[in-house]
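In: fold the following and give me the result.
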Amino acid sequence: MRIRRGTPVAAATLALALMATACQGAGEVTEGEDADLAVATGVTEDTITIGSHQPLTGVAASGYSPISRGAQAVFDYVNEQGGVNGRQIDYVVKDDAYDPAQTIDVTRELVDEEIFAMFGGLGTPTHSGVLDYLNDEGIPDVFPASGALIWNSPEEYPLTYGWQTDYTKEAKVQGQYIAENFPGQNVGFFYQNDDVGTDSQAGLDQYLTDEVVAREHYESSVTDISAQIAALQAAEAEVVVCSCIPAFMANAMLTASAMEYDPQWVVSSIGGDTRTLQGMLAAFSDGAVEGEAADAFLDGLIITSYMPRIEDPEDEWAQFFIQVWEDYREDDSEVLTNTHVFGMTQAVMFSQALLEAGEDLDRQALIDTLHTIEWQGPSPVPFTSSEDDRGGHQGVYVVQYQAGGDIEMIQETRITDNAGGPIEETDFTELAPSELVFHD
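Out: Residues are numbered from 1 along each chain as shown. As a prediction, the model looks like this:
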């Protein structure tokens, strides 16, 4: 790991705050728990060791491997400023290749290596396979990188805390937006054939009924989706909601273009990183669609999101992350994307939780903090991690990409639940990096 010198100006207050001493929360997680949480496994006088499973190779690597590199940049930044309450964060990432069997193996390795907590384990099919093990072993399971509803199951998994806006909440906002802004138009669903698709349709179906003319799914192991796109075209779907990872969003757009099919694409946050999509469009087309041509492909793409976005020059958190990436990336040639920002946002929030847990850090202190902390950013979307609700981000906002690299905010943040509750506006405003205080 190479640490480069230089502290972003906008990050100075954040750095000082992370060096401070914080107050510890109250309450204990005991019901249904046999594991002893009053332990500081993975914590020494100088370090805190946390672990994560990530797809550094395999089918999902091109879309999601930047997450851990973004998180590492933030942890390097925090460590160079003195760490959290004087301790350096040792972030151990193991490659599971997005293979559930490998996830089990590397998670056991991490536990054997005595991590303090699991942080940001990526993927619904992968992380769901280690939920029981982590909870039984008393490992705090913080911020799984997926929008599956299962992360918000405090009675069954009392040590697991969701982070991402869940697929149903996000899809409800998408469904309402489409119903209000594309009235009378035919709508098609294109979705991943797992919890992503199931949970997304549960939200979309609350607002889109007679408009839906086709539902087509893909398997993440099968790249030929020509039949599905042809079916959407034959059904005359004018708006297509893609609840899919970046590789299949790019694949769908290229396949549709080859068929001279040009619907209005609406993509969920998991597939809406425009810089990642540009790279995939170029790679999947063997260079036929790259540069300005790839950018033009994305023009008009509607994206739901809940994090700072690097396309927004007025977002102070985006500018903070851009500067941190410039100073702490390991590869000078690697371009920052919103996928990196996913990991960077998680890392800021996890550092905040560690700090609030105090100098006398053990697993119980972290759990107490997650139940009581008042989250104030970096996301412009409210966040919850209480004892009874581990739903993470509570909603999304809607943007539209414009060729040339700009985005237009076309609907401000809306929040909702993952059941039949209303979709509501919110007056939540996150603090800027220079204002965010992580301690009493």
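
In: what residues does the lengthiest strand in the chain touch?
Out: The residue-count maximum for a strand in the chain (DSSP state E) belongs to strand 406-415. With contact meaning Cβ atoms under 8 Å, 6 or more residues apart in numbering, strand 406-415 is reached by 169, 173, 176-177, 274, 302-303, 306, 309, 311-312, 380-382, 394-402, 423-426, 428. In this view, the C-beta of every residue, glycine as well, is placed from N, C-alpha and C.

In: list only buried entries from the residues you listed.
Out: Buried by 16 or more other Cβ atoms under 10 Å: 169, 173, 176-177, 274, 302-303, 306, 309, 311-312, 380-382, 394-401, 423, 428, out of the contacts of strand 406-415.

In: out of these, which are inside helices?
Out: Cross-referencing the buried ones among the contacts of strand 406-415 against helices under DSSP state H gives 169, 173, 176-177, 274.

In: max pairwise distance over those residues: which two?
Out: Largest separation among these by Cβ to Cβ: 176 and 274, giving 23.3 Å.

In: for the most far-flung residue of the chain relative to its centre, what are its contacts?
Out: What lies farthest from the middle of the chain is residue 234; by Cα atoms, centre = their mean that is 33.7 Å. Residues counted as contacts of residue 234 (Cβ under 8 Å, 6+ apart) are residue 214.

In: now do it against residue 291, distance only.
Out: Counting by Cβ to Cβ, to the nearest Å, the separation of residue 234 from residue 291 is 32 Å.

In: just residue 199 next, same as before
Out: Residue 199 is 36 Å from residue 291, where distance means Cβ to Cβ.

In: which of these two has more neighbours?
Out: For residue 199 versus residue 291, neighbours defined as other Cβ atoms under 10 Å are more numerous around residue 199 (24 against 11).

In: let me see the contact set for that one.
Out: By Cβ under 8 Å, 6+ apart, residue 199 lies in contact with 147-149, 166-168, 171, 418.

In: if you skip the residues just before and after it, what's nearest to residue 418?
Out: residue 168 (3.9 Å; Cβ to Cβ, 6 or more residues apart in numbering).

In: what's near enough to touch that neighbour?
Out: By Cβ under 8 Å, 6+ apart, the contact set of residue 168 is 149, 199-200, 202-203, 418.

In: same check on residue 71?
Out: Per Cβ under 8 Å, 6+ apart, neighbours of residue 71: 52, 91, 119-120, 343-344, 346-347.

In: pLDDT below threshold where in the stretch 1-150 of the chain?
Out: Applying pLDDT under 70 to the stretch 1-150 of the chain picks out residues 1-34.

In: first-to-last residue distance for stretch 123-137?
Out: Here the two ends of stretch 123-137 are set 20 Å apart, with distance taken as Cα to Cα, to the nearest Å.

In: residues of that stretch that come out buried?
Out: Going by neighbour count (16+ other Cβ under 10 Å), the buried part of stretch 123-137 is 123-131, 134-135, 137.

In: try stretch 54-72
Out: Across stretch 54-72, burial judged by 16+ other Cβ under 10 Å covers 54-56, 59-72.

In: go on, stretch 310-326?
Out: For stretch 310-326, by 16+ other Cβ under 10 Å, it's 310-312, 315-325.

In: cool, and stretch 331-343?
Out: Buried residues in stretch 331-343, counted by 16+ other Cβ under 10 Å: 336-343.

In: what is the nearest of those to residue 287?
Out: Among these, and counting by Cβ to Cβ, the member closest to residue 287 is residue 337, at 19.5 Å.

In: might one say that that closest one is in contact with residue 66?
Out: Yes: using Cβ atoms under 8 Å, residue 337 is in contact with residue 66, at 5.8 Å.

In: mutual contacts of these two, please.
Out: Overlap of the contact sets of residue 337 and residue 66 (by Cβ under 8 Å, 6+ apart) consists of residue 276.

In: looking at this protein, which helix is longest?
Out: Looking across the chain with DSSP H, the single longest helix is helix 338-356.

In: which secondary structure elements does that helix sit against?
Out: Packing partners of helix 338-356 (3 or more Cβ pairs under 8 Å, 6 or more residues apart in numbering; DSSP states H and E): helix 12-18, helix 66-80, helix 274-284, helix 316-328, helix 363-372.

In: so which of the ones you listed gets nearest residue 191?
Out: Comparing those under Cβ to Cβ, the one sitting nearest is helix 274-284, at 17.3 Å.

In: and the angle for that closest one with helix 338-356?
Out: With axes from the mean of the first three to the mean of the last three Cα atoms, to 10 degrees as the basis, helix 274-284 and helix 338-356 are set at 140 degrees to each other.

In: next structured bit after helix 274-284?
Out: Following helix 274-284 in sequence order, the next helix or strand is helix 292-298 (DSSP states H and E).

In: list the contacts of that following helix.
Out: Here helix 292-298 makes contact (Cβ under 8 Å, 6+ apart) with 253-254, 257, 274, 277-278, 281-282, 289, 401, 403-405.

In: what subset of these is buried?
Out: Buried members of those, counted by 16+ other Cβ under 10 Å: 253-254, 274, 277-278, 281-282, 289, 401.

In: can I get the residues you listed in TSV with distance to residue 155?
Out: Formatted as TSV, the buried ones among the contacts of helix 292-298 follow (distance: Cβ to Cβ, whole Å):
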residue	distance to residue 155
253	41
254	44
274	39
277	38
278	43
281	44
282	47
289	48
401	40
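
In: now stretch 250-264 - C-alpha only, CSV.
Out: C-alpha atoms of stretch 250-264 as CSV (Å, rounded to 0.1, in the frame of the first residue of the first chain):
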residue,chain,number,x,y,z
ALA,A,250,-24.4,-1.7,-21.2
ASN,A,251,-25.2,-5.0,-22.9
ALA,A,252,-28.9,-4.1,-23.1
MET,A,253,-28.2,-0.8,-24.6
LEU,A,254,-25.8,-2.2,-27.2
THR,A,255,-28.2,-5.1,-28.1
ALA,A,256,-31.1,-2.7,-28.4
SER,A,257,-29.1,-0.4,-30.7
ALA,A,258,-28.2,-3.2,-33.0
MET,A,259,-32.0,-3.9,-33.3
GLU,A,260,-32.7,-0.2,-33.9
TYR,A,261,-34.7,-0.1,-30.7
ASP,A,262,-34.4,3.1,-28.7
PRO,A,263,-36.6,3.1,-25.6
GLN,A,264,-36.3,5.5,-22.7
